[in-house]
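**Q** From the sequence below, what's the structure:
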Amino acid sequence: MTTVTAHGDRLEQLKNLAAVLAVKIDETTNDPEGAKSLPQLARQYRETIREIEETEGASKNDDEIGELLSARHADGKSDAVR
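**A** Modelled structure (predicted):
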C-alpha cells in the first residue's frame, strides 16, 4: 500500500485499497470476533468500488453516448439531453 500511495495514481491507489479491503473482509468473515467490523468494511469496499467505476468511466468516453456528452460539455451545454 505504501508503494502505491507514494508512486501510483488515484486509480491504482483505489484498486489497491479494494484488494486490501477484500482481504480484510475475508479475514473478518472467518473470525467471529471480527464480525462487528464487517458492515463498516463492506460499506467502505462498496464506496471504493463505486469510485473506481466512476474514475474509470470518466476516462473512458469511447462509446457514442460518452462522446455526445463530452461534446456537449465542451460546448458549455448541460449534460441533460432531451
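
**Q** any idea which helix or strand comes after the lowest-mean-pLDDT helix or strand in the chain?
**A** Lowest mean confidence among the helices and strands of the chain (mean pLDDT, DSSP states H and E): helix 2-7, at a mean of 63. Per DSSP states H and E, helix 2-7 leads on to helix 10-29 as the next helix or strand towards the C-terminus.

**Q** Quick one: mean pLDDT for that following helix?
**A** The average pLDDT within helix 10-29 is 92.

**Q** Give the other helices and strands that that helix contacts.
**A** helix 2-7, helix 38-59 (3 or more CB pairs under 8 Å, 6 or more residues apart in numbering; DSSP states H and E). C-beta here means a position set from N, CA and C on the backbone, and glycine is covered the same way.

**Q** Of those, flag the one that's most buried.
**A** Most buried of the helices and strands packed on helix 10-29, by mean neighbour count (mean count of other CB atoms under 10 Å): helix 38-59, with a mean of 13.

**Q** Which neighbouring elements make contact with it?
**A** Helix 38-59 packs on helix 10-29, going by 3+ CB pairs under 8 Å, 6+ apart.

**Q** List the buried residues in the helix it packs on.
**A** 13-18, 21, 24-25, 28 (16 or more other CB atoms under 10 Å).

**Q** of all the helices and strands packed on helix 10-29, which lies closest to residue 72?
**A** helix 38-59 (15.3 Å; CB to CB).

**Q** Can I get that closest one as CSV, trimmed to CA atoms?
**A** Written as CSV, here are the backbone C-alpha positions of helix 38-59 (Å, rounded to 0.1, in the frame of the first residue of the first chain):
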residue,chain,number,x,y,z
LEU,A,38,-17.8,-6.4,8.7
PRO,A,39,-20.6,-3.8,8.0
GLN,A,40,-18.1,-1.0,8.0
LEU,A,41,-15.6,-2.8,5.8
ALA,A,42,-18.4,-3.8,3.4
ARG,A,43,-19.6,-0.2,3.1
GLN,A,44,-16.0,1.1,2.5
TYR,A,45,-15.5,-1.7,-0.1
ARG,A,46,-18.7,-0.7,-1.9
GLU,A,47,-17.7,3.0,-1.9
THR,A,48,-14.2,2.2,-3.2
ILE,A,49,-15.6,0.0,-6.0
ARG,A,50,-18.1,2.8,-6.9
GLU,A,51,-15.3,5.4,-7.0
ILE,A,52,-13.1,3.0,-9.2
GLU,A,53,-16.0,2.6,-11.6
GLU,A,54,-16.6,6.4,-11.7
THR,A,55,-12.9,7.1,-12.2
GLU,A,56,-12.6,4.5,-15.0
GLY,A,57,-15.8,5.7,-16.6
ALA,A,58,-14.6,9.3,-16.5
SER,A,59,-11.5,8.3,-18.5
